[in-house]
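> sequence and predicted structure are below.
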Amino acid sequence: MAALDLQEQEQVEELKAWWKDNRNFILGTLLVAVVAIGGWRGWQYYHQNQSTQAAILYTEFVRQLAGNDAGRVNDAAAAMMDRFGSTAYASRAALLAAQVNEHGKDAMRAKTQLQWVIDHTGEAGLRDVASLRLASLLLDEAKYAEAMNLLKAEHSPSFDGLYADLQGDVLSAQGKADEARSTYKLAYEKTDPKSMYRNLIKMKLDALVKSK
């Protein structure tokens, strides 16, 4: 394949830089939506059947979340995790608090909360979401082996595209272009054709093909 001209090289580098800066935000927003849609019926069940005390405490957590004060959000989430760790409320509080900390650049606290969800939640979908987000943070820290271990773990088939896409990011960051291309192709095939996220995968795949 012909070498890239200067303009194409600049476009490829711009795409890489843009994705690095925006990956966690896009992935976090997408995954929260996935959980909200996929788990709505289960959430209704928990909302109707958990103890009144847990529901009250979660309401307080949501109030703190709306206030966007990271310290208070973390305190409210910690109370949920400590007192009602076996409930769906606690896992969702930990996931949402982790997102607040990701945006606030407190990666260490976010990783702790995401690992808590992985270790304690009884819902496979929430575990898959937490694993993806934790792997993304580890990728930012160039902890490639740890990120890949999470991404190779068993997960729900509905998450195959997201897991493969993030594996492609890890491989690309390591300079393993051929493996990254194959993995992005798999991610593209496993992602719903109607999903906007599929376009992002295609952009990353095209960039790698051009740079070959």
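In hand now; what should we look at? Numbering: from 1, shown residues only.

> where does pLDDT dip in the chain?
By pLDDT under 70, the weakly predicted segments of the chain are 1-51, 210-212.

> excluding sequence neighbours, find me the nearest residue to the residue nearest in space to the middle of it.
In the chain, the residue lying closest to the centroid (Cα atoms, centre = their mean) is residue 133, at 3.0 Å. Nearest residue to residue 133, sequence neighbours excluded (Cβ to Cβ, 6 or more residues apart in numbering): residue 114, at 5.5 Å. Backbone N, C-alpha and C define where each C-beta goes, glycine included.

> that neighbour and residue 124: what is the separation?
Distance check for residue 114 against residue 124: by Cβ to Cβ, to the nearest Å, it reads 15 Å.

> with neighbour numbers in mind, choose between those two.
In this view residue 114 and residue 124 are compared by other Cβ atoms under 10 Å, and residue 114 has more residues nearby, 28 against 14.

> the helices in the protein, which residues?
Secondary structure of the chain by DSSP state H: the helices cover 6-38, 40-49, 52-67, 70-83, 88-103, 107-120, 124-140, 144-151, 160-173, 177-190, 197-211.

> and the angle from the last one to helix 160-173?
For the pair helix 197-211 and helix 160-173, the angle between their directions (axes from the mean of the first three to the mean of the last three Cα atoms, to 10 degrees) equals 30 degrees.

> tell me the contacts of residue 115?
Contact analysis of residue 115 by Cβ atoms under 8 Å, 6 or more residues apart in numbering lists 130, 134.

> separation between the spatially closest residue to residue 75 that is not a sequence neighbour and residue 162?
Distance criterion Cβ to Cβ, 6+ apart; nearest residue to residue 75, sequence neighbours excluded, is residue 64 at 7.6 Å. Distance of residue 64 to residue 162, computed by Cβ to Cβ: 29 Å.

> pick out whichever of those two has more residues nearby.
With neighbours defined as other Cβ under 10 Å, residue 64 and residue 162 compare such that residue 162 has more, 23 against 20.

> the more buried one touches residue 132, doesn't it?
Yes: contact criterion Cβ atoms under 8 Å: residue 162 and residue 132 qualify, at 5.8 Å.

> distance from stretch 123-132 to the middle of the chain?
Distance, stretch centre to chain centre, for stretch 123-132: 9 Å (Cα atoms, centre = their mean, to the nearest Å).

> so that it lines up with my notes, have the first residue be 235 from now on.
Shifting the count to begin at 235 puts that one at stretch 357-366.

> just the CA atoms of it, as PDB, please.
What follows is stretch 357-366, C-alpha atoms only, in PDB (Å, rounded to 0.1, in the frame of the first residue of the first chain):
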ATOM      1  CA  GLU A 357     -25.900  -8.400  37.900                       C
ATOM      2  CA  ALA A 358     -23.800  -9.500  34.900                       C
ATOM      3  CA  GLY A 359     -24.600  -6.400  32.900                       C
ATOM      4  CA  LEU A 360     -23.300  -4.100  35.700                       C
ATOM      5  CA  ARG A 361     -20.200  -6.200  36.100                       C
ATOM      6  CA  ASP A 362     -19.500  -6.000  32.300                       C
ATOM      7  CA  VAL A 363     -19.900  -2.300  32.400                       C
ATOM      8  CA  ALA A 364     -17.600  -1.900  35.400                       C
ATOM      9  CA  SER A 365     -14.900  -4.100  33.700                       C
ATOM     10  CA  LEU A 366     -15.000  -2.100  30.500                       C
END
